[in-house]
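# Please find the sequence and the predicted model below.
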Amino acid sequence: MLAGQEKIKKQGSLVTRRRRNIRILFGIWAAGFLALVVGGAFAVYDVRTTASATIAPAPAPVIADLAVAPVADDAPAPVPAALAAALDAAVKNPALGSFTGSVTDAATGTVLWSQDPDRPMTPASTTKILTTAAALLGLPSDHRITTRVVEGSRPGEIVLVAGGDPTLTAQPVGEDGFYPGGPRIADLAQQIQRSGAVVDTVVVDVGIFSGDPLAVGWDATDVGDGFVAPIEPVMLDGGRLRPLEDESPRSATPALDAGRALAAALGADPEKVTIGTASPGTAPMASVQSAPLRTRLEQMVQHSDNVLAETIGREIAISSGSAPTFTGAVQAVTRTLQGAGIDTSGVTLEDLSGLSLDNRIPARVLDSIVARAAGPDAPALRPMLDYLPVAGATGTLSDRYGTTARAGAGWVRAKTGTLSLVSGLTGYVVDVDGRVLTFALMSNDRFPNEARPALDDVAAVLRGCGCR
């Protein structure tokens, strides 16, 4: 509004000046005054005094109207019976298949509605709710991973020592890789070149991780289909063969690819890159660091990034003294949650991304974690709420709530979960009365094209209920 008013005022002033100048020019012509020509333009002076000039009053100040405001402490909570009645038709939709769920009043921690909440279900990527919570509880939010280069065992050889970071990129300087803020191969190469070292061989040390690089319950085609890469402790753009494409096919040898990119940047032969071990006490040559944990967690949740989930799980394991394997990471996450008083009974995990078909989580567990994050007693978990995609706007919910379940658009924030016969939605919503409600909704045995719209309908009911 203000910008428009200013534009109108300026246009009005221009018309006034033109009319005044015409009158002055006529007077000058009639009197035979000489016009001064400067640079091919006429400069005309109004010799009247400024005594009669008026100064326009200052415009009224613009008061910002906040579009986002805190929820009220005294917003009324839904009545459980009324909420159940409102949800009845939506939760009986046969498109939900085998369905469980839980809804909680975040302010009090009271479960307002549930259906089979203790039954373990295949969670798909809602598993990342557990991974995110454990990372927030067990690691500093500014935690970074360091990738190093040290001298090799002979002149001309260097060792790329992996630290567990899959977000390196070989994209040109000035262009982001898949993970904005991630470190660059170019920075490592520049540091090495500054040292004056002549490099002919690159070795990659992947010893910080151990165990099988693929989890139990993963399909053999998951790598080629672009859902995950073998979990190795250094990768380029999460192992993507097309660096900027989310579901690009992944490399079967991501750590070697990183070493080859460094070799190419240094003018060494990429085909000579091998996996090996850095000798103890070797001189450091270069290092780069990942983005802070808080940035990587947001990227993981927004894009449901399986590689980030698994490597952050290893980060938790290493920090807590567990083995840097799938089993060790799962144990570290479970122990961290239990240590914070979260009941994990019924949880069975083979990975921390949710890609495994053998994972099982009850809706009660997922809902209880988000309820803690949204409630008054667990501030360490609060950042999770900001990571969750917004219905109809961001991340994995950007293309939902557009034509159906419109009442939830912009209000529902949730982590999605999708496998071939699995759909899940875990998050929170502010209802029409201003009350924060958390939820976990889990559907098995139905294809996502049926189940996801049905889940969205349930969440939209929570937004529009007003069940007092």
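That came through, no problem.
# Pull the number of nearby residues for Val330.
Neighbourhood size, Val330 [other CB atoms under 10 Å]: 25. Where you see a C-beta, it was placed from the backbone N, CA and C, and this is true even at glycine.
# Can you list the low-confidence ranges for the stretch 301-450 of the chain?
Counting by pLDDT under 70, the stretch 301-450 of the chain shows no low-confidence range.
# try 90 this time
403 (pLDDT under 90).
# What's the end-to-end length of stretch 108-122?
This stretch, stretch 108-122, spans 28 Å end to end (CA to CA, to the nearest Å).
# Now do the domain split for this protein, please.
2-43, 80-127+344-464, 146-291 (automatic domain parsing).
# in the protein, which spans are helices?
For the chain, helices defined by DSSP state H occupy the ranges 2-31, 80-91, 128-138, 185-194, 254-266, 293-303, 306-320, 326-339, 363-374, 383-387, 448-464.
# Mind putting the domains of the chain into CSV with mean neighbour count?
Output for the domains of the chain, formatted as CSV (neighbours: other CB atoms under 10 Å):
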stretch, mean neighbour count
domain 2-43, 10
domain 80-127+344-464, 21
domain 146-291, 19
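# Now distance to Gln338 too, for those domains, in CSV please.
Putting the domains of the chain into CSV (distance: least, CB to CB, whole Å) gives the following:
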stretch, distance to Gln338
domain 2-43, 55
domain 80-127+344-464, 6
domain 146-291, 21
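# So which of those domains is nearest Pro140?
Closest approach to Pro140 among the domains of the chain is made by domain 80-127+344-464 (10.7 Å; CB to CB).
# For the closest one, measure first residue to last.
With CA to CA as the measure, domain 80-127+344-464 spans 15 Å from end to end.
# between the domains of the chain, which has the poorest average model confidence?
For those, mean pLDDT drops lowest on domain 2-43, to a mean of 34.
# so which of the domains of the chain comes closest to Pro57?
Within these, the stretch nearest Pro57 is domain 2-43; the backing value is 12.1 Å (CB to CB).
# all strands for the stretch 351-468 of the chain, in order.
361-362, 413-419, 422-430, 436-444 (DSSP state E, counting those that start in this stretch).
# To Arg242, which of the ones you listed lies closest?
strand 413-419 (21.4 Å).
# Which residues does that closest one contact?
By CB atoms under 8 Å, 6 or more residues apart in numbering, the surrounding residues in contact with strand 413-419 are 122-129, 301, 304, 354-355, 357, 385, 388-391, 396-397, 423-429, 439, 442, 448, 452, 459.
# What is the neighbour count of Gln302?
A total of 18 residues lie near Gln302 under the criterion other CB under 10 Å.
# brain fart, Pro140
If we define neighbours as other CB under 10 Å, then Pro140 has 11 of them.
# show me what contacts it?
By CB under 8 Å, 6+ apart, Pro140 lies in contact with Leu293.
# pLDDT value on it, please?
pLDDT, read off for Pro140, is 98.
# Surely Leu355 and Thr221 touch.
No - with contacts counted by CB atoms under 8 Å, Leu355 stays clear of Thr221, the gap being 11.7 Å.
# what touches both of the two?
With CB under 8 Å, 6+ apart applied, the contact sets of Leu355 and Thr221 do not overlap.
# Phe209: which of the helices of the chain is closest?
By CB to CB (comparing all of those), the closest turns out to be helix 306-320, at 6.0 Å.
# give me phi/psi at the spatially closest residue to Val234 that is not a sequence neighbour?
Among residues not flanking Val234 along the chain, Ala162 sits closest, at 3.6 Å (CB to CB, 6 or more residues apart in numbering). Backbone torsions of Ala162, given as degrees, to the nearest 10, read phi -70, psi 140.
# Now do the contacts for Ala162.
Counted by CB under 8 Å, 6+ apart, Ala162 has contacts 147, 204-209, 232-234, 255, 258.
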